[in-house]
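Asker: Attaching a predicted model along with its sequence, questions to come.
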Amino acid sequence: MTPLASIAGAVLSVTPWRLERRLEVDAKRAALTRIGGAVGAMIVVGILLLLTGRNAFWIFWQALDAIFGRQRGIEGVALRAIPILMTALGVALSLRMKVWNIGSDGQFLMGALAAVGVGIHMDGPGWLVLILMAAAATVAGAAWILVPALARAYWDVNEIITTLLLNFVALQLVTWSALGFWRDKAAAVIQSTREVPFTLPDLPGADSVTVALLVPLVIAAVLWWVFRSTTIGYEIDTIGGNPRAAGFAGIAVRRRILVVMLFTGAIAGLGGMLQLSAPGAQAMNAGFSAQFGLSGFIVAALAGASFWGVIGGGLFIASMFYAGIVLQTKGLSVYIIFAIYGVILTGIALGEIAARYRVVRRDAADETEASAADAAAAPQGAGS
Amino acid sequence: MTGDSKRPSVEARGISKAFGGVAALDAVDFEVSWSEVHALVGENGAGKTTLCNILAGIYRADGGQVIVDGTERDFRSPAHAIDAGIGMVHQHFRLVEPMTVAENIHLGWPETPGVVSQRALIDRTERFMGEMGLHVDPTAKIWQLSVGEQQRVEILRVLARGARVLILDEPTAVLTAKEAEELFAVIRELAASGLSVIFITHKLREVLAVSDRLTVLRHGIREITRPTEGATASEIARLMTGEERVLDVEHRAVTGDPALELRGVSALNDRGITALQDVDLTVRSGEILGIAGVSGNGQTELAEVICALRGLESGSITVDGSDIASMSVRAVTDMGVGHIPEDRIGMGMVTSAPVKDNAVLHSYWTEPFSQGLTLNRHSVIDFAKRLVESARVQTRSIFATAGQLSGGNQQRLVARREALVADRLLVAAHPTRGLDVNAAQEVRSTILDRRDSGCAVLLISDDLDEVLLMSDRIAVIYEGRIMGVFDAADADREHIGLLMGGHSIAEAVA
Amino acid sequence: MILAIIENAFLSLIGSAIPASAVVMLAATGAMLGERVGVLNLGQEGLIGIGAVYSVIAVLSWNVQSPWLAMLIGMVAAGVAGLIFAVCVVAFRASQVLVGLALALGGIGLSNQLGVNRNGTPIQTLFREVNPGGLLDNNDAVSAFFFHDPVVYIAYIGLPVVLWFVLFRTRHGMNMRAVGENPAAADAVGVSVTGWRIFYSVLGAAITGAGGAYMVLSFTPTWSPDIARGRGWVALAVVIFAGWRPGWAVAGALLYGSMISLDTTAQARGWGLPFMGASDLSFFLSMLPYVVTLVAILIPAGAVKLGRRVRSTAAPAALAIPYSREER
């Protein structure tokens, strides 16, 4: 037992309850404790805000009002949700295989950059150019993760740092494009690329949200189906659960890792194109991404393995993100959002652990313990 | 030497230990004298290791007393037990692989000098080895050592800290016959110098060969403590197993078609060192070919090359006459080759996945589970239900994770699953390792059923009794070479034991 | 003549690389310290920010006059953050990857928030250069190579030597390595795995914090948002490149640093290429440090895969794996 768990155990020892490790953690409970951890983290943030002399309740109320009080608020959340959901879906897919793609920001940027390249250099019917932009973005996103994916799949190089380093390269490349090779020379003051003259159509009844919002929903549905009803999903889950068992079952583990990682990059890259095709966002500058990849990462961590969970978590994080932007005018900086992200992510990680313990009454002996004894009764068991 | 030689070195009175309501030890009394080798005997799951873990401070007893050299003790950690002079060598060694022998012996030891050079550590180690009369190259890294040498490092480490009571948990399970003999000599010498040695085993021959007294445990209860002199193997066996049914296996001389043929097969292990050398083997339909040998002599690699999990350096492997050298794992499986892997948790299943998904791990791509791309959940569930029922796997539900199954139930699941895959050939690697008697019997029955329905079986086991019991023919493997192949009727235990230790046939017969 | 020019160029490149990558050097040492006992702290980027911002606060708001004291304050702040991290991942066994990323994010956010009113304010309390022995005259290249403030000497010589000595020449270091390689073995011989892991995570975080403090107390003496600019991640890469050996981290850090100074030198001198103008070349060169670092990580792995097995460069076997006695 870990020391703090034993401290907790000591505290409980004067009560009729005690702490016990679960042999099995079911997915629903783990999801609940993760959400609990995130909520607990929000409460901690609220207390910190109160302690630093800010009225947390007022801020919370302002945020709710800013989001749900008017249509512009809801659309503002939806607009932020698109890039966050796309990067989150990519990360969630990689997490199914226990691969950490932390470079979704870079893939997102490269997707957008490729889309800009196509958009400002091609003439033709808008729908065709938009399709080509999407295709280019998808390919660019996948290409940006190619080296980390090859290194992970065939050289067993951990992907966390390789994917992350490429974020910085992508950011420099975007800066170069905005200040250098694709710079908008007509508007000398604004340091950004030329504008793509095409946008996606708005959703019916919306002022600014385009049909791009449907794309992450469709991708989530497809991924949900793949993992529920296809052998490919089964194989990816098997690799995530135990790569040696996957090899035993005849799954081409390395090739699968490569292909899935390329897909995660492609989804993030497409997200970049979707972001670019919204009215008013048709050019790129150094601040194009606003760390959407990191937000997406938090969403994926919160949702665990569930793609529908990604949609719910994505809307939640997008609301926070939007609230942070709105509240900037009210004495909070956008930086604080990242600090809050950090606390929430810690809460999620702790919640994940909490799912492994439970409090039971002292006299209760049940089947879980019986199987513990069963396992302990065979001490020569393999892998002990 | 230490303490009063008349009173016991260690005494356990009325020790009880339960894991969640199920008693692992029930009011067990146990005592060991100075200068004594005391064998603690019992089947897997009888409570031997649990009792010793309590003596060594790893578990705490629910009830009872531990008295060391006349003083009652309550150990809270292994360090406390070491301070009281009790040291345990576990079945799975606790050594740091990339570090040297000298470093491992000095690890965590307060008497190690604060600033040390390799030279100083080596000198100290050599001096110490001289005193103890036990020798291992102190400059070698642990991963370069044989299992027997690693065990010696563990023993040295415990003795270095002044242990007067040495507990050895199944020390011969991983040793060759020759290494085991050397260990016995060391044990006798230690006892002669005044120490107590507690020797956990389930091998009767070893009990008779090395111990002064023996204690038999069964189902957490002490059956008997008596001097070894005058005890017979059959008497101990009866006390160990009680009235358990013993499998009766009929050996057959089979003349079926060769289902599996290996010709001049050589292969490397994970470290790139030759693990199989020029292996020729034939397994016929309807027979069990047993591979006898000490673990680590190429058995793992043998199973893996046959299932296409490992490439060949040279030679050929044919199943039903077709060469599988260039085939994928999947293609070999599709020919009807099942494989009960040695490491069932590490390779045979996904413990985080539900039982139902594990039930189809080796067949999910075939009809009726899969049509093209899709996976038919209903047929997977139906199949898993039937599998769990026929293999008598005790589980709450097929939707619960495989990790919550006990070891015995996991192996029941894997063995039955692979038996259903194996139309032509079943490779069973250590299929009953770590199982209790009932689970072991069931897994053996599953394998025998397969044989009786005409499947070829390659049985790999480091338990020579199991190989002798189950096999129709027996091949002995040593350092990646096949030392000889015998019909079960002609198999002579001692002869095979010598071959397992690397003696040639000529030496063994002489 | 030409040789002398090349030699001069090389000296001045490395010379300006030394301070440029002192931060990376300190963060790599801090990260390596934790990783040697099996704790992977991905939060280096955040720790640099926290160390830097608290040193800035110490100087600007608390009127601390000594750079050493300001650095110590930065180290304590980063150490506290490291303690929170360590309690979560070691005592509670939470995922090191998740909490590490949380620390990276949270640290960047917190430091930016705290620094927001201090952007661009110059810092006067600085470390001074030392001239070793007063023996050298002020020749350009030579001075670039040798004249640095004391933190540089500590980062490149002091810390690596001490860390090497402790790890490989003391009983304590032997036990440390055992905790990182096989915690069960260390536990079995009475080494407190939990205690050591927490202690060295905190110490490592403080050293990384010193890196952040160095940035604002010497290298770029002012606060600016996102101050680490990826150096924390580069430091983690340097540890891999170095194969967890303190001495090799110096080579890794200098490799990164020379790419940085190549970029700044090119900008300052307006270098260009026939097919690439000065500004384009500068944009291109600014990507190079990260690309070179990425390639550097691939080298050890590639060497193993391509047949030249180097066992001593493997990661500690228990890196990022939580330990608990009950789960054996």
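Answerer: Cool, got the structure. Residues are numbered from 1 along each chain as shown, chains lettered A, B, ... in the order given.

Asker: does stretch C:155-174 come close to chain B?
Answerer: Yes. Residues of stretch C:155-174 are located near chain B by Cβ under 8 Å from any Cβ of the partner chain, namely C:169-172, C:174. To be clear about C-beta, it is placed using only N, CA and C from the backbone, and glycine gets the same treatment.

Asker: Measure how far that stretch is from the centre of its chain, please.
Answerer: Put simply, stretch C:155-174 sits 16 Å off its chain's centre (Cα atoms, centre = their mean, to the nearest Å).

Asker: Figure out the length between the terminal residues of it.
Answerer: By Cα to Cα, to the nearest Å, the extent of stretch C:155-174 from end to end equals 23 Å.

Asker: Which positions within it qualify as buried?
Answerer: Going by neighbour count (16 or more other Cβ atoms under 10 Å in any protein chain shown), the buried part of stretch C:155-174 is C:155-156, C:159-160, C:163, C:166-167, C:169-174.

Asker: Pick the one among those closest to chain B.
Answerer: Nearest to chain B out of the buried residues of stretch C:155-174 is residue C:171 (Cβ to the nearest Cβ; 4.3 Å).

Asker: Look up phi and psi at that closest one.
Answerer: In terms of degrees, to the nearest 10, the main-chain angles of residue C:171 are phi -60, psi -40.

Asker: Give me the number of neighbouring residues for residue B:115.
Answerer: Using other Cβ atoms under 10 Å in any protein chain shown, residue B:115 is surrounded by 13 other residues.

Asker: Let me know the distance separating the closest residue to it other than its chain neighbours from residue B:103.
Answerer: Closest residue in space to residue B:115, ignoring its immediate chain neighbours: residue C:170 at 5.4 Å, by Cβ to Cβ, 6 or more residues apart in numbering or on different chains. Separation of residue C:170 from residue B:103 (Cβ to Cβ, to the nearest Å) stands at 12 Å.

Asker: quick one: secondary structure of residue B:432?
Answerer: Secondary structure, DSSP: H, G, I helix; E, B strand; the rest coil: residue B:432 is coil.

Asker: Do I have it right that it meets residue B:438?
Answerer: No. If you go by Cβ atoms under 8 Å, residue B:432 and residue B:438 don't touch, sitting 10.8 Å apart.

Asker: These two: which is more packed in?
Answerer: Counting neighbours by other Cβ under 10 Å for residue B:432 and for residue B:438 shows that residue B:432 has the greater number, 24 against 14.

Asker: Contact partners for that one?
Answerer: Residues in contact with residue B:432 (Cβ atoms under 8 Å, 6 or more residues apart in numbering or on different chains) are B:411, B:439-440, B:443-444, B:461, B:463, B:466.

Asker: hmm, 7 Å instead?
Answerer: Residues in contact with residue B:432 (Cβ atoms under 7 Å, 6 or more residues apart in numbering or on different chains) are B:440, B:443-444, B:466.

Asker: again, but for residue A:328
Answerer: Residue A:328 makes contacts with residue A:334, as judged by Cβ under 7 Å, 6+ apart.

Asker: How about residue B:339?
Answerer: Counting by Cβ under 7 Å, 6+ apart, residue B:339 touches B:303, B:307, B:418, B:427.

Asker: Now, of those, which are buried?
Answerer: Neighbour-count burial (16+ other Cβ under 10 Å) is assigned, among the contacts of residue B:339, to B:303, B:307, B:418, B:427.

Asker: Just the buried residues of the strand or helix carrying residue B:496, please?
Answerer: Using DSSP states H and E, residue B:496 maps to helix B:493-500. Within helix B:493-500, the residues scored as buried using 16+ other Cβ under 10 Å are B:495-500.

Asker: distance between the ends of stretch B:212-231?
Answerer: In stretch B:212-231, first residue to last residue: 11 Å (Cα to Cα).

Asker: With chain A in mind, check whether it reaches it.
Answerer: No. Judged by Cβ under 7 Å from any Cβ of the partner chain, stretch B:212-231 makes no contact with chain A; its nearest approach is 8.5 Å.

Asker: For that stretch, give the mean pLDDT please.
Answerer: Across stretch B:212-231, pLDDT averages out at 90.

Asker: How much space separates the residue in chain A that chain C sits nearest to from residue C:104?
Answerer: Of all residues in chain A, residue A:342 sits closest to chain C, at 2.0 Å by Cβ to the nearest Cβ. Distance, residue A:342 to residue C:104, by Cβ to Cβ: 8 Å.

Asker: Kindly report the same for residue B:358.
Answerer: Separation of residue B:358 from residue C:104 (Cβ to Cβ) stands at 37 Å.

Asker: And residue B:398, by the same measure?
Answerer: For residue B:398, the distance to residue C:104 (Cβ to Cβ) stands at 41 Å.

Asker: Settle it for me: which of these two has more neighbours?
Answerer: Set residue B:398 next to residue C:104 and count neighbours by other Cβ under 10 Å: residue C:104 wins out with 29 against 21.

Asker: three-state assignment of the more buried one?
Answerer: Under three-state DSSP, residue C:104 falls in the helix class.

Asker: That one touches residue C:48, doesn't it?
Answerer: No. At 9.7 Å, residue C:104 does not count as touching residue C:48 under the criterion of Cβ atoms under 7 Å.

Asker: Quickly list what's touching both of those two.
Answerer: Common neighbours of residue C:104 and residue C:48, using Cβ under 7 Å, 6+ apart, are residue C:232.

Asker: hmm, stretch A:214-222 touching chain B?
Answerer: No. Judged by Cβ under 7 Å from any Cβ, stretch A:214-222 makes no contact with chain B; its nearest approach is 12.7 Å.

Asker: Could you tell me how far that stretch lies from the centre of the chain?
Answerer: 15 Å.

Asker: before we move on, what about stretch C:185-199?
Answerer: Per Cα atoms, centre = their mean, the centroid offset for stretch C:185-199 relative to its chain is 26 Å.
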